[in-house]
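*Asks:* Here is a sequence with its predicted model. Questions after.
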Amino acid sequence: PLDEWLSPPFEPTVRGDDVFARGASDDKGQTWILVKAVEYLMKRDGRLPVNVKFLIEGEEESGGESIEGLLRERPPELASDAAVVCDSEMFAPGLPTICTGLRGIVYGELHVQGARQDLHSGVYGGAAPNPLMAIAEIVTALKNRDGHILIPGFYDSVAKPSPEEYEAWASLPFDEQAYLEKEVGSTCLTGEPGFTVFERTWARPTMEIHGIRGGFVGEGAKTVIPARAVAKISFRLVADQDPSRVLRQVQQAVEAATPAGVTAEFHLLHAAGPSLVDPANPFIRKAALAMEEVFGRKTVYMRSGGSIPIVGLFQDELRIPSVLMGFGLPDDNLHSPNEKFHLPNFALGLDSVIRYLERL
C-alpha cells in the first residue's frame, strides 16, 4: 500500500546506510552491481577479462514469457559458459552467500461458477450453491491444516537434499525465535511437522492462497450469494518436480474435489521449473572464493524458497549453470512498502563481481 511508504517508492531515498525504493534490492540495485563492475573494468583496463553479454528483462513477476521465447528462438546469440545472476540474498549481514537452489512455481486461478446470477441469501440460502464456500471446500481438500498437500502423486518426484546440504544448513547461524519475531511476525510458525524451517522453505513444495475474489466485499452488509468466485493459488516446486505434471495433478484434484451445484476449473497463469546447481561446479567455486576474499569470511551455501524463472530456462534451454551471487538482506522488505538495499552491500557486491570476473 502506497500510504505505508515513508518516502515515494519510485524516488530513491537514502536513510542511514540504506536506499529505499521499489526494486531497490529486488532487483534494480543488484542488477546495477553487474553493470558497474563491467564499467569499472573497462575504464581501468580498456577490456574485460572474459566475454560478457547482458540480458535484462522486466517481466519476471508476471511470468517472463518474452524472455522465455527469446531463449528458445535465439539460443546461438545467447550461448555462454555460465550466467551470473544478482537476485538473491545473503543469509545474514556480512556473510557471503551463494544460492544453489530455487523453487519452481505453478501459478493459476481457480474459477468457480454457481448460479446464473447473484442471488438473495434470504430467499435462496439453503438451496442454491455458494461458489465462495465451494472454493473453501476445494482448497481444504488440496491441503490440510498441517500444510501437507493432499493432491495424489504430488510428492512422488520430490528429491531430498543431499547429506552435504543438510550439513551446510546445520552450520548456518539461525535463530528460529528471532526469525519468527523479526521476519514473519505471526504468533507461531506453521508448516509440515517433522521438517525444519530450512526444509519447509527451501526443499519442500508448498501451496499458498494469494487472494479470493467474489461476492460483496464493500463496507456494510449485503446478503448476496455470489454467482462466481475466483481464487489465486500458487504451488512452489522443488528439485525433480515437473510443472506440467503438477498442473495436470492440480486440475485433476480440483475436479475430484468440486462439490455439487458448481463447476470449477484451475487456469494456469504461469509456470517455471525448479533449479539446482552443484556447489562443486567450477563457476560456483570461483565465485565463492572471490566473495571470501572481499568479505573476509568463508562463503556459505543455501537455497531459496523463491523462484527466478530465467535460472531454470538457462539450465534447460542453454544448458549452463547460474551463479546466484546475492547481496540483499533478509529484512530488505522485498515486494513490500519501504523496500531497501544496504549500501555497504552494494560496494562489497561490486568488489566481489569484479574479482570474480578477474578469476574466470
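*Replies:* That came through fine.
*Asks:* What ranges in the stretch 1-150 of the chain fall below the confidence cut-off?
*Replies:* 60, 63-64 (pLDDT under 70).
*Asks:* Doesn't A229 lie inside a helix?
*Replies:* No. Counting by DSSP: H, G, I helix; E, B strand; the rest coil, A229 is located in no helix; its state is strand.
*Asks:* dump the residue contacts of it.
*Replies:* V112, P131, L132, A134, I135, I212, R213, G214, G215 (C-beta atoms under 8 Å, 6 or more residues apart in numbering). To be clear about C-beta, it is placed using only N, CA and C from the backbone, and glycine gets the same treatment.
*Asks:* make it 6 Å
*Replies:* V112, P131, L132, I135, G214 (C-beta atoms under 6 Å, 6 or more residues apart in numbering).
*Asks:* Was I right to think the third one contacts G214?
*Replies:* The one in question is L132. Yes. Using C-beta atoms under 6 Å, L132 is in contact with G214, at 5.2 Å.
*Asks:* Filter the contacts of A229 down to the ones in strands?
*Replies:* Counting by DSSP state E, these place V112, G214 in strands.
*Asks:* F235: which of the contacts of A229 is nearest?
*Replies:* I135 (16.1 Å; C-beta to C-beta).
*Asks:* Surely that closest one and A231 touch.
*Replies:* Yes. Counting by C-beta under 6 Å, A231 is a contact partner of I135 at 4.9 Å.
*Asks:* Neighbours of A287, how many?
*Replies:* By other C-beta atoms under 10 Å, 25 other residues sit near A287.
*Asks:* and if you look at the one 5 residues further on?
*Replies:* Other residues near E292 come to 15 when the count uses other C-beta under 10 Å.
*Asks:* cool, and V250?
*Replies:* 22.
*Asks:* For Q113, see how far away it is.
*Replies:* 18 Å (C-beta to C-beta, to the nearest Å).
*Asks:* Tell me the one of the contacts of A229 nearest S322?
*Replies:* Among the contacts of A229, and counting by C-beta to C-beta, the member closest to S322 is I135, at 36.7 Å.
*Asks:* tell me the mean pLDDT for the helix or strand encompassing P344?
*Replies:* Using DSSP states H and E, P344 maps to helix 343-359. The average pLDDT for helix 343-359 rounds to 97.
*Asks:* Report the buried residues of that helix.
*Replies:* By neighbour count on 16 or more other C-beta atoms under 10 Å, the buried set for helix 343-359 is N345, F346, L348, G349, L350, D351, S352, V353, I354, R355, Y356, L357.
*Asks:* low pLDDT regions in the stretch 251-360 of the chain?
*Replies:* Along the stretch 251-360 of the chain, segments meeting pLDDT under 70 are nowhere present.
*Asks:* As a check, name the ranges of all helices in it.
*Replies:* With DSSP state H, counting those that start in this stretch, the ranges of helices along the stretch 251-360 of the chain come out as 282-295, 309-313, 343-359.
*Asks:* List the buried residues in the first one.
*Replies:* Right, helix 282-295. F283, I284, R285, K286, A287, A288, A290, M291, V294, F295.
*Asks:* cool, stretch 313-327 as well?
*Replies:* Buried-residue list, stretch 313-327, by 16+ other C-beta under 10 Å: L313, F314, Q315, L318, P321, S322, V323, L324, M325, G326, F327.
*Asks:* Can you tell me what sits against it?
*Replies:* Under C-beta under 6 Å, 6+ apart, the answer for stretch 313-327 is 68, 71-72, 80, 82-86, 88-89, 99, 275, 277, 281, 283-284, 287, 311, 345, 349.
*Asks:* Please apply the same query to stretch 83-103.
*Replies:* Contacts of stretch 83-103 (C-beta under 6 Å, 6+ apart): 27, 30, 33-34, 172-173, 236-238, 274-277, 279, 288, 291, 295, 299-305, 307-308, 311, 314, 320, 322-326, 328, 330.
*Asks:* repeat for stretch 169-189
*Replies:* Counting by C-beta under 6 Å, 6+ apart, stretch 169-189 makes contact with F91, A92, F198, P330, all of which sit outside it.
*Asks:* out of the helices of the stretch 251-360 of the chain, which comes closest to H270?
*Replies:* Of these, nearest to H270 by C-beta to C-beta is helix 309-313, at 7.7 Å.
*Asks:* Now that closest one - C-alpha only, PDB.
*Replies:* In PDB, the C-alpha atoms belonging to helix 309-313 read as follows (Å, rounded to 0.1, in the frame of the first residue of the first chain):
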ATOM      1  CA  PRO A 309      12.200 -18.500 -13.900                       C
ATOM      2  CA  ILE A 310      15.100 -17.400 -16.000                       C
ATOM      3  CA  VAL A 311      17.500 -19.600 -14.000                       C
ATOM      4  CA  GLY A 312      15.500 -22.700 -14.900                       C
ATOM      5  CA  LEU A 313      15.400 -21.600 -18.500                       C
END
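*Asks:* Any idea how far it is from the middle of the chain?
*Replies:* Distance, stretch centre to chain centre, for helix 309-313: 12 Å (C-alpha atoms, centre = their mean, to the nearest Å).
*Asks:* before we move on, back to that, Y155: which of the contacts of A229 is nearest?
*Replies:* Once C-beta to C-beta is applied, the member of the contacts of A229 that ends up nearest Y155 is I135, at 23.7 Å.
*Asks:* Can you list which of the contacts of stretch 313-327 are found in strands?
*Replies:* Per DSSP E, the contacts of stretch 313-327 map to strands at A83, V84, V85, C99, S275.
*Asks:* so how far is L357 from the closest residue to the fourth one other than its chain neighbours?
*Replies:* In this case it means C99. Among residues not flanking C99 along the chain, L324 sits closest, at 3.8 Å (C-beta to C-beta, 6 or more residues apart in numbering). Taking C-beta to C-beta as the measure, L324 falls 16 Å from L357.
*Asks:* Thanks a lot, catch you later.
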